[in-house]
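# No sequence on hand, only this structure:
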């Protein structure tokens, strides 16, 4: 199938939303510049605070198009370009948060900016710490605002870069390769966003268990503190009484 055929097929299917929300339509619209178009879209979503783009499905579809020779570049070239784009996007968003985030996030809600997105991102940071930079890659909206929140929170740049490298590779390369290998499986193709979120859910189970364990431990310590104070006080009184008798 050529790009012209893909575009014609996309045009024959009734749109369920804007064309830029449908990965196949979007890639087909780029024609021979598909590689550049996909790279730019990934950078915009991750780096320029525009979360309303088909991130996961775009990567998956790009990998599938390479497998079908509809994007005529080697898979490794596509993966390398997407890794660089995803990495550069988060770096840009981090710098935005570091330099202008506080002023930006005091703005009232608009069509493309909602305070709830930032609140949700901070909730991820509270739960998973710096690993949010990796986990957020697979969660729509959160992946757009997580690096900004890291910049606002003054996360150490060295730590951020480390998390960013891992996240950009797992997301930018991993989802693309998945599309290359499994693009013909209809269920996976139609549910890539849900599958990505499901993978994240499974991967963070150990983290959730550890958080719950630490909270339980802290709660037990709080319950034990009054009893411990009473025990120490009783020992002090008993010691003082013994000293009086001996005196």
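Arrived safely, thanks for sending. Treat the numbers as computed from the prediction; the structure is a model and nothing was measured. Numbering: from 1, shown residues only.
# Provide a list of residues in contact with residue 168.
Going by Cβ atoms under 8 Å, 6 or more residues apart in numbering, residue 168 touches 83, 86-87, 90, 137. Any C-beta I mention is one placed from the backbone N, CA and C, and that applies to glycine too.
# Let's see which of these end up in strands.
Residues of the contacts of residue 168 located in strands (DSSP state E): none.
# and the residues you listed as CSV, adding distance to residue 183 and pLDDT?
Formatted as CSV, those follow (distance: Cβ to Cβ, whole Å; pLDDT from 0 to 100):
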residue, distance to residue 183, pLDDT
83, 19, 97
86, 20, 95
87, 24, 96
90, 26, 95
137, 20, 88
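# Next, give phi and psi for residue 154.
Here is the backbone geometry of residue 154 (degrees, to the nearest 10): phi 60, psi 40.
# That one contacts residue 99, doesn't it?
No: Residue 154 is beyond contact range of residue 99, at 11.5 Å (criterion: Cβ atoms under 8 Å).
# Pull up the overlap in contacts between those two.
Taking Cβ under 8 Å, 6+ apart as the criterion, residue 154 and residue 99 do not both touch any residue.
# Can you list the buried residues in the helix or strand containing residue 95?
If you go by DSSP states H and E, residue 95 is part of helix 75-104. Across helix 75-104, burial judged by 16 or more other Cβ atoms under 10 Å covers 75, 78-79, 81-83, 85-98, 101.
# Run through the helices of this structure in chain order.
Ranges of helices within the chain are 3-12, 23-30, 34-47, 55-67, 75-104, 115-128, 132-135, 142-152, 157-168, 174-182, 186-190, 192-203, 205-246, based on DSSP state H.
# can you pull the pLDDT of residue 165?
Residue 165 is assigned 95 on the pLDDT scale.
# From residue 64, how far off is it?
25 Å (Cβ to Cβ, to the nearest Å).
# So for those two, which sits in the more crowded spot?
Taking neighbours as other Cβ atoms under 10 Å, residue 165 and residue 64 compare with residue 64 leading, 26 against 16.
# Wait, that one touches residue 181, no?
No: the pair residue 64 / residue 181 is not scored as a contact, 9.2 Å apart, by Cβ under 8 Å.
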